[in-house]
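Peer 1: here's my sequence, what's the structure:
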Amino acid sequence: MLSTKQKKLRDSAQALVKVSASETASGLGISIRLFDPKFDSSRVIELWANLAMIQEMEGRSVWLEEAQAAKLEWKEFISKLIKAKTNRVFVFENPNGIFGFAFANLEMLTLEGKKHLKAILKELYLEPNFRSKEVNASMATMLKEALKHSGVEFIEFAIKDLA
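Peer 2: So this is what the prediction gives:
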């Protein structure tokens, strides 16, 4: 849990992009912002571990297998993944803290001689009590806007759980 001072520092950090796009999500105090490694790492690693555990129970241990293939401990593997410049992580939060994240790989596309930034959304996780059709639609809009605000022009969905 962050202290009041840490929350103020986090909220004033340059890397933050807050978007409160829809009335449903913003009415619940939900916002989305860019991941800040100084403040968010341990919480995102914890949420990702929850996701990996669920995937493993369903027989799809993609992230655990990748960590093992890289010969890295779980925390080290996820830390490297979320801090890489070719990746972008957004966190979903409310006044009580972070309750979800979205993870994307970034690629440069060249179309008609112009470069464009593309995000390949690889993972999206929300704690179970934040999963409802109304809120999900609002958060999807917020994520799309946050990606746009961070320079992304194209979005591809490659989330395994959406199959």
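Peer 1: how close does Arg88 get to Val135?
Peer 2: 22 Å (CB to CB, to the nearest Å). Every C-beta, even on glycine, is put in place using the N, C-alpha and C of the backbone.
Peer 1: now the helices for this structure?
Peer 2: 4-12, 23-27, 37-57, 62-69, 74-83, 133-149 (DSSP state H).
Peer 1: distance from the chain centre to the fifth one, please.
Peer 2: Here the centre of mass of C-alpha atoms in helix 74-83, compared against the chain's by CA atoms, centre = their mean, to the nearest Å, lies 13 Å away.
Peer 1: tilt between that helix and helix 62-69?
Peer 2: 110 degrees (axes from the mean of the first three to the mean of the last three CA atoms, to 10 degrees).
Peer 1: so where's the chain uncertain?
Peer 2: Along the chain, the parts satisfying pLDDT under 70 run over 1-27, 160-163.
Peer 1: may I ask you to name the longest strand in it?
Peer 2: Ranked by number of residues, the top strand in the chain under DSSP state E is strand 97-111.
Peer 1: list the neighbouring strands of that one plus their orientation.
Peer 2: Each strand that strand 97-111 pairs with, and the sense of that pairing, follows from DSSP bridges: strand 87-94 (antiparallel), strand 114-126 (antiparallel).
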